[in-house]
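Trainee: Using only what follows, build the 3D model:
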Amino acid sequence: MSPEEDIQIISNTDVAKVTLHSVEDRPGIAADFFSTLGTQGFNIELVTSVPVSKGKANISFVVAKEELPSVLAAIEPLKRDAKAERLSYDSRIALVSVCGHELIRQPGVAGRMFKSLSSAGINIEMISTSMSSITCIISEESIYDAVKALEREFEIKPFK
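Mentor: Sure thing, here's the model as predicted:
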């Protein structure tokens, strides 16, 4: 099997994004958030942290849409402890991923993915990468077009 034949497109519309804005940027913040959520049984699908000013960062993460109300309640005390300016969420998002065991050996996959989504008029809200996947958060309404564009780009037969 060639590396390109190993590529799969995976999508998920049953997710929501939560963002804690202007959190104290210090050791232990992420550990506190995600340890607490994990011990309460919440699975976090994707995390990003972005510095926004000296000593402050935005932390965004993705959870199952059905768990959003419970996650918001669980994170409220953590928001106060981290001195976050505010909490926001969006339940109209989707995840689309290009995955494959050999992805790390294929230069240019990320560029091809991003260009393909861009050509389809799809804005990327967040990106997460690993050795075997590239995942983008996009608007839920764009998921069908995103999957079709990526199937064309990577010459993948549509899943039936």
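Trainee: Every contact and neighbour count from this point should use C-alpha atoms.
Mentor: Will do.
Trainee: Look up phi and psi at the residue nearest the centre of the chain.
Mentor: For the chain, L46 is the residue whose C-alpha lies nearest the centre (C-alpha atoms, centre = their mean; 4.5 Å). Dihedral angles of L46 (phi, psi; degrees, to the nearest 10) stand at phi -160, psi 140.
Trainee: got the buried residues for the longest helix along the chain?
Mentor: If you go by DSSP state H, the chain has its longest helix at helix 68-81. Buried residues in helix 68-81, counting neighbours by 16 or more other C-alpha atoms under 10 Å, are found at 68, 71, 74-75, 78-79.
Trainee: Show me where this structure has its strands.
Mentor: Taking DSSP state E as the criterion, the chain contains strands spanning 8-24, 46-53, 56-64, 86-99, 126-129, 133-139.
Trainee: Determine which stretch of the ones you listed is the most buried.
Mentor: Of all the strands of the chain, strand 133-139 has the most neighbours on average by mean count of other C-alpha atoms under 10 Å, namely a mean of 22.
Trainee: partners of it in the sheet?
Mentor: Strand 133-139 pairs in its sheet with strand 86-99 (antiparallel), strand 126-129 (antiparallel), by DSSP bridges.
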